[in-house]
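*Asks:* A predicted structure for the sequence below; I have some questions about it.
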Amino acid sequence: VQLQASGGGLVQAGGSLTLACAASGDIFRVNSMRWYRQAPGQQRELVAAITPDGATNYEESAKGRFTISRDNAKNSVHLQMDNLKPEDTAVYYCNADIMVSKNYGYEWWGQGTLVTVSS
């Protein structure tokens, strides 16, 4: 099983980016999916999360600017980021609870993707 993230890049303040992440491999079911970020010198923090039935929650600074969504058929999750600010600059990581059988599951991490917001 692996999570493959993409979509990072350089954008000016006020701009938008969309991050994508897809789970692949021998998957029984994907439960909650999340995006974390880690800025230089900072701890990794949860940005947004989404359950299989679409319930979402956001870190306070992401509310109203970021939108998390998922495609259960494709085992994928997206993070639409609008009105980006320099303080959003970080490496963003995809995370998911993946069941590999009916009774066994693990937390998986994707590789990070760098988002840089210039002022």
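*Replies:* Structure received.
*Asks:* may I have the phi/psi pair for the most centrally placed residue in the chain?
*Replies:* Centroid-nearest residue in the chain: W35, 2.7 Å away (criterion: CA atoms, centre = their mean). Dihedral angles phi and psi of W35 (degrees, to the nearest 10) take the values phi -120, psi 130.
*Asks:* is it correct that it is in contact with H78?
*Replies:* No - in this structure W35 lies outside contact range of H78 using CB atoms under 8 Å: 9.2 Å. No exception for glycine: its C-beta is placed from N, CA and C like everyone else's.
*Asks:* find the residues that touch each one of the two.
*Replies:* With contacts defined as CB atoms under 8 Å, 6 or more residues apart in numbering, the residues shared by W35 and H78 are 19, 21, 68.
*Asks:* which strands and helices sit next to the helix or strand that contains the first one?
*Replies:* To tie it back to what came earlier, the one meant is L19. Assessed by DSSP states H and E, L19 sits inside strand 17-24. Strand 17-24 sits against strand 2-6, strand 29-38, strand 76-81, strand 90-99, strand 113-118, with contacts defined as 3 or more CB pairs under 8 Å, 6 or more residues apart in numbering; DSSP states H and E.
*Asks:* now distance to Y106 too, for these, in TSV please.
*Replies:* Shown next, in TSV, are the helices and strands packed on strand 17-24 (distance: least, CB to CB, whole Å):
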stretch	distance to Y106
strand 2-6	11
strand 29-38	11
strand 76-81	17
strand 90-99	6
strand 113-118	21
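*Asks:* just say which of the ones you listed is most tucked in.
*Replies:* strand 76-81 (a mean of 23; mean count of other CB atoms under 10 Å).
*Asks:* I'd like the average pLDDT over that one.
*Replies:* Mean per-residue pLDDT for strand 76-81: 98.
*Asks:* stretch 56-64 too?
*Replies:* Average pLDDT, stretch 56-64: 97.
*Asks:* may I see the buried residues of it?
*Replies:* 58, 62 (16 or more other CB atoms under 10 Å).
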